[in-house]
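[1] Here's a sequence, model it:
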Amino acid sequence: MYVVATAGHVDHGKSTLVRALTGMEPDRWAEERRRGLTIDLGFAWTSLPSGREVAFVDVPGHERFLSNMLAGLGPAPVVCLVVAADEGWKPQSADHRDAIAALGIEHGLIVVTRADLAGQGDPDTAAERIGAVLDRTRAELAGTGLARAPAVVVSAATGAGLEDLRQALDEVLAATPAPDGAGRVRLGVDRSFTVRGAGAVVTGTLAAGSLGIGDRLELLGAGGPRDVTVRALHSRNAPHDSLGPVSRVAVNLRGVDAETVHRGDALVTPGAWPLTGAVDVRRTTGTVLAEAPVELLVHVGTATVPARVRPLGDDHARLTLDRHLPLVPGDRLVLRDPGARTVFGGVRVLDVDPPELTRRGDGTRRAAALAAMPDGGDVLGEIARRGAVRGEDLDRLGLAVPGDAAGVRRLGEWWVHEPVLAGWSRRLRAAVTALAERDPLDPALLAAVVAGAELAHEDGYVTLPGADRRLGAAEESVAALERRLARAPFSAPEGDELTALKLGPRELAAAERLGRLLRLDGTVVLLPTAPALAMRELARLEQPFTTSRARQALGTTRRVAIPLLELLDARGWTRRLDAGHREVVR
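    Next up, the predicted model:
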């Protein structure tokens with residue numbers, strides 16, 4: 001499925017257009033249909049000539065409902081900007097354009113609607129009027145991602161141009177980059193309700209990652225993280241065992257009441273996203289940040305969160321959010337003045353764990369550092385600032401160390417800044433030099449230092465003697481987990497089970513380092529023998545095999561099967577043939 005949001009001035013025919021394309025009524029509320037005014041988000045879907053399934057998120061155009069509009073537009077990768085031929089470019093057309101620019105949306109098309117009203121029956125006047133509207137729209141979109149978007153002229157009332165619109169939309173969607181189906185999930189909730197006999201249901205646009213029945217997720221909202229389980233999935237009013245991006249999804253959740261879930265909450269892959277209450281950002285569109293009011297509203301995904309602004313020059317600022325959000329460097333935020341019904345501007349997140357600014361001159365120094373930082377975040381700067389960073393923490397931030405990176409070194413699970421490593425080395429050398437001066441005949445200086453401290457040294461780690469296979473207070477819990485996994489090798493523990501065992505990221509990382517456990521995607525915990533055991537089962541299957549067939553053979557869930565299969569691919573034990581099939585490498 002593909003997801004397309006509408007945008008445009010109030011009463012320019014967005015809902016009428018969606019109704020004509022899909023045969024469905026996008027306005028969900030009786031008041032909307034009575035007033036002929038879209039107030040909240042509407043949803044409809046259809047098939048295009050190519051067979052592609054497309055879902056529409058119909059947003060309100062009136063300035064009073066700008067927050068609702070941004071909640072629909074924020075997660076959508078493609079947009080239809082609607083301008084009426086008889087009225088032309090209007091104030092909310094500009095607001096929606098500014099939102100599109102702030103969100104960095106680069107795929108979509110321009111739809112000139114109500115062509116039948118353009119010339120009052122005179123074809124020449126109509127053509128002139130439509131041409132002028134299109135020229136003005138093109139001029140207004142200069143510098144945005146839709147500057148070169150295709151344009152279609154339609155009349156939903158007469159049906160003229162609708163087939164051209166379907167074809168143009170098909171072509172736009174064909175050129176849209178494929179989303180990451182294996183990525184981590186971050187689903188912004190735009191509706192929540194209760195279905196009798198099923199419980200809580202939330203809906204949203206799944207832009208990346210995949211969802212399957214039985215998946216464990218975290219629900220993030222104002223009340224803090226909550227563990228939930230996917231009980232059932234629907235899309236386009238039909239049940240599904242799993243769904244990938246980009247899709248409109250309805251997720252039936254176990255472990256939460258619908259009344260406690262609100263628009264702006266997010267369903268995420270557990271442990272895969274940093275939660276932050278302060279971000280440093282760079283201006284991408286709109287007014288310079290030095291002129292920003294002290295408080296702004298931040299729109300991201302479906303969420304609207306108040307934030308305090310500390311400008312760091314014209315193009316950078318520190319935003320302190322009223323509640324923590326799952327954000328990573330590169331995310332786009334829309335800023336809005338709560339005292340105005342217009343978009344103030346757009347920013348890109350540079351740092352989700354910025355340093356405190358407490359000393360005189362810190363703001364000036366931070367502004368200079370941000371000015372030199374690349375748009376997607378500065379992974380080398382992050383390592384340099386901290387001295388040493390775990391690789392899993394960089395993964396959570398969405399930061400990757402380039403292969404030709406200079407100034408950092410990989411030591412086990414850590415990335416270390418070379419000057420810091422050099423400092424450690426200098427201090428160690430000083431200690432060893434002092435020892436050598438006292439006992440110049442001793443050839444094993446490091447061994448002497450380690451032994452003198454009654455420590456052990458192995459594989460680059462200094463540990464307590466006899467601790468090579470034991471994990472202190474975590475030993476009993478790891479041993480219990482080993483026994484459980486020995487009985488059911490592919491039944492990875494859920495987050496609540498690990499919590500009950502008091503096994504957090506540090507304990508699991510230590511057990512993995514000692515070869516006791518294997519972690520996949522940072523959240524799936526198995527024994528190191530699991531890949532070989534999996535190969536024994538997969539080799540018995542008819543080749544090639546599907547992910548679903550592999551999951552059944554292993555007696556596990558998609559949460560475990562997908563990262564395990566990806567590990568086998570990486571080791572060269574299996575080969576991925578296409579999106580749905582693999583084979584064992586003989």
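[2] can you list the weak-confidence ranges in the chain?
    27-39, 61-65, 428, 431-432, 435-436, 439-470, 522 (pLDDT under 70).
[3] Which segments of it make up each domain?
    Following automatic domain parsing, one finds the domains of the chain at 2-174, 186-268, 275-377, 478-584.
[4] Which of those domains sits closest to Gly412?
    Gly412 lies closest to domain 478-584 among the domains of the chain, at 6.7 Å (C-beta to C-beta). Glycine gets a C-beta too; all of them are placed from N, C-alpha and C.
[5] As TSV, the domains of the chain with mean neighbour count and distance to Val401 would be great.
    Below are those laid out as TSV (neighbours: other C-beta atoms under 10 Å; distance: least, C-beta to C-beta, whole Å):
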stretch	mean neighbour count	distance to Val401
domain 2-174	20	25
domain 186-268	19	22
domain 275-377	19	12
domain 478-584	17	16
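[6] Dump those into CSV; add distance to Gly407 as well.
    Output for those, formatted as CSV (distance: least, C-beta to C-beta, whole Å):
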stretch, distance to Gly407
domain 2-174, 30
domain 186-268, 31
domain 275-377, 15
domain 478-584, 24
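[7] out of those, which comes closest to Trp414?
    That would be domain 478-584 among those, by C-beta to C-beta, at 10.1 Å.
[8] sec struct for Ala534, please.
    Here Ala534 is recorded as helix under DSSP: H, G, I helix; E, B strand; the rest coil.
[9] distance of it from Val584?
    10 Å (C-beta to C-beta, to the nearest Å).
[10] swap in Pro402?
    33 Å.
[11] And for Glu413?
    In terms of C-beta to C-beta, Glu413 sits 30 Å off from Val584.
[12] Going along the chain, name the helices of the stretch 1-150 of the chain.
    Per DSSP state H, counting those that start in this stretch, the stretch 1-150 of the chain carries helices over the ranges 14-22, 30-35, 66-73, 91-103, 123-140.
[13] ok, now which ones touch the one residue sitting closest to the centre of the chain?
    By C-alpha atoms, centre = their mean, the chain has its centre lying nearest to Arg186, at 4.7 Å. For Arg186, the contact set (C-beta atoms under 8 Å, 6 or more residues apart in numbering) comprises 207-209, 266-269, 273, 301, 326.
[14] where's it relative to Ala232, distance?
    21 Å.
[15] Which stretches in the stretch 101-250 of the chain count as strands?
    107-113, 151-153, 186-188, 191-195, 199-206, 211-212, 216-220, 226-235, 238-240, 242-243, 247-254 (DSSP state E, counting those that start in this stretch).
[16] Same list (those) but as CSV, adding distance to Arg549.
    As requested, the strands of the stretch 101-250 of the chain are exported to CSV (distance: least, C-beta to C-beta, whole Å):
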stretch, distance to Arg549
strand 107-113, 35
strand 151-153, 43
strand 186-188, 27
strand 191-195, 31
strand 199-206, 24
strand 211-212, 15
strand 216-220, 23
strand 226-235, 20
strand 238-240, 17
strand 242-243, 14
strand 247-254, 23
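[17] for those, which one sits closest to Arg166?
    Closest among the strands of the stretch 101-250 of the chain, once you apply C-beta to C-beta, is strand 151-153, at 9.3 Å.
[18] and the closest one, what does it pack onto?
    strand 107-113, helix 123-140, helix 162-174 (3 or more C-beta pairs under 8 Å, 6 or more residues apart in numbering; DSSP states H and E).
[19] will you turn these into JSON lines that also has distance to Ser548?
    As requested, the helices and strands packed on strand 151-153 are exported to JSON lines (distance: least, C-beta to C-beta, whole Å):
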{"stretch": "strand 107-113", "distance to Ser548": "31"}
{"stretch": "helix 123-140", "distance to Ser548": "46"}
{"stretch": "helix 162-174", "distance to Ser548": "26"}
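[20] So for Thr320, which of the ones you listed sits nearest?
    Closest among the helices and strands packed on strand 151-153, using C-beta to C-beta: strand 107-113, at 32.8 Å.
[21] Sheet-wise, list the partners of the closest one with their directions.
    strand 78-84 (parallel), strand 151-153 (parallel) (DSSP bridges).
[22] CSV for those strands, including distance to Arg254?
    What follows is the strands paired with strand 107-113, written out as CSV (distance: least, C-beta to C-beta, whole Å):
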stretch, distance to Arg254
strand 78-84, 32
strand 151-153, 44
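[23] Of these, which is nearest Thr557?
    strand 78-84 (31.5 Å).
[24] distance of Gly51 from Arg166?
    12 Å.
[25] Same question for Ala488.
    Ala488 is 50 Å from Arg166, by C-beta to C-beta.
[26] try Arg136
    25 Å.
[27] again with Ala371
    46 Å.
[28] quick revisit: tabulate the helices of the stretch 1-150 of the chain (JSON lines), appending distance to Val408.
    Conversion of these to JSON lines gives the following (distance: least, C-beta to C-beta, whole Å):
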{"stretch": "helix 14-22", "distance to Val408": "50"}
{"stretch": "helix 30-35", "distance to Val408": "55"}
{"stretch": "helix 66-73", "distance to Val408": "38"}
{"stretch": "helix 91-103", "distance to Val408": "33"}
{"stretch": "helix 123-140", "distance to Val408": "45"}
